[in-house]
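In: sequence-free structure coming up:
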């Protein structure tokens, strides 16, 4: 949980910083882009689960 809070604080800081210097945010602006990132993460977690469960 600590990592999640630190990530949130870091993201908020980066968002404020990028807005202050008038740069576009370094994140996908639409839901489909965000879901792509979630899919990559879930694929990675799933791969490690499959390897540990069936090939260990």
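Out: Noted; the coordinates are in hand. These numbers were taken from a predicted model, which means no experiment stands behind them.
In: can you count the residues close to the closest residue to residue 34 other than its chain neighbours?
Out: Distance criterion Cβ to Cβ, 6 or more residues apart in numbering; nearest residue to residue 34, sequence neighbours excluded, is residue 28 at 5.5 Å. In short, each C-beta sits where N, CA and C put it, glycine included. Neighbour count for residue 28, taken as other Cβ atoms under 10 Å: 12.
In: Could I get the full set of helices for this protein?
Out: Counting by DSSP state H, the chain has helices at residues 2-20, 31-54.
In: Can I get those in CSV including mean neighbour count?
Out: Output for the helices of the chain, formatted as CSV (neighbours: other Cβ atoms under 10 Å):
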stretch, mean neighbour count
helix 2-20, 10
helix 31-54, 10
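In: With mean pLDDT added, can I get those helices in JSON lines?
Out: Below are these laid out as JSON lines (pLDDT from 0 to 100):
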{"stretch": "helix 2-20", "mean pLDDT": "88"}
{"stretch": "helix 31-54", "mean pLDDT": "90"}
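In: Next one: the residue most central in space within the chain relative to residue 55, how far apart?
Out: Nearest to the geometric centre of the chain sits residue 37, at 6.2 Å (Cα atoms, centre = their mean). With the distance defined as Cβ to Cβ, to the nearest Å, residue 37 ends up 27 Å from residue 55.
In: Cheers, nothing more for now.
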